[in-house]
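Participant: A structural model of the following input is requested.
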Amino acid sequence: MLYSPNQNDTARSILEAAAALFLQKGYRKVTTREIAAAANVNLGLIPYYFTSKENLAASVMRDFNDQAYAVVFRRLPQGLGCAERLYLSTQLLWQQFSEDAMNFFIEYLEVCGYTRVSETFEHMAAEVLDCYALSVPSAQHALYLHALKGAESQLLIGLHRGQLQTSFGEITRIILTNYFFNIGLTSGQIDRILQNCQSVMPI
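Facilitator: Alright, predicted model coming up:
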């Protein structure tokens, strides 16, 4: 069940109905009218709670991400450094989704584009800054995160559509080594992070 602690029963019903329909039919083919009927609510409650179909889909993606992160974190070895935790969880995240979920995600990204970084990812990224005592202005760091997720979205689309001969692991290496460099880690530090990840879990 999809769940967000800040939502009431009606909002959760809409979210769960939307998730089921998006998985079944993809993003484009689902209408808000269908979602309202499946949730057994008035059509006007969807914009009331979620503003738009796009924002509702973003909420579904957020909840799927949260569930996937919970699975990933259970798989990670104990005692990882903050950068290694960010790297390995990013690599493993997309592998947790079913084919239907990936089809929905990719279609959503193609139509709506990247929306925002998840709170879980933001928290892990902030831990990296603290662990390495990096002083990066908030606006600059937001730009780096936006660039990271934008690049990830485009690479995931290319991978899923068979337009790129790559892997989740290679996508992670590309986007996160670039992010680590942007926030001020040295080449030596980045190499050690990759080596540490390789030593505990093949990447």
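Participant: Mind checking which residue lies nearest the centre of this protein?
Facilitator: residue 65 (5.4 Å; Cα atoms, centre = their mean).
Participant: How about the contacts made by that residue?
Facilitator: Listed by Cβ atoms under 8 Å, 6 or more residues apart in numbering, the contact set of residue 65 reads 93, 118, 120. Glycine gets a C-beta too; all of them are placed from N, C-alpha and C.
Participant: rerun at 6 Å
Facilitator: By Cβ atoms under 6 Å, 6 or more residues apart in numbering, the residues touching residue 65 are residue 118.
Participant: Also the one 4 residues further on?
Facilitator: Listed by Cβ under 6 Å, 6+ apart, the contact partners of residue 69 are residue 120.
Participant: Surely residue 158 and residue 164 touch.
Facilitator: Yes: contact criterion Cβ atoms under 6 Å: residue 158 and residue 164 qualify, at 3.7 Å.
Participant: secondary structure class for the residue nearest to the centre of the chain?
Facilitator: At residue 65 the chain is in helix, as set by DSSP: H, G, I helix; E, B strand; the rest coil.
Participant: Tell me, what's the model's pLDDT at it?
Facilitator: Looking at residue 65, its pLDDT stands at 87.
Participant: helix or strand for residue 175, which one?
Facilitator: Take DSSP states H and E as the rule and residue 175 turns out to sit in helix 168-183.
Participant: mind listing what's buried in the next helix or strand along the chain from that helix?
Facilitator: Of the helices and strands lying after helix 168-183 in sequence (DSSP H and E), the nearest is helix 187-200. For helix 187-200, burial by neighbour count (16 or more other Cβ atoms under 10 Å) applies to 190, 193-194, 196-197.
Participant: what residue ranges in this structure score low on pLDDT?
Facilitator: Scanning the chain with the threshold set as pLDDT under 70 gives 1-7, 114-115, 202-203.
Participant: Could you export the buried residues of helix 187-200 as TSV, including distance to residue 22?
Facilitator: Below are those laid out as TSV (distance: Cβ to Cβ, whole Å):
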residue	distance to residue 22
190	37
193	35
194	35
196	37
197	32
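Participant: Among these, which one lies nearest to residue 23?
Facilitator: Comparing these against residue 23 with Cβ to Cβ places residue 197 closest, at 31.2 Å.
Participant: For that closest one, give its distance to residue 67.
Facilitator: 23 Å (Cβ to Cβ, to the nearest Å).
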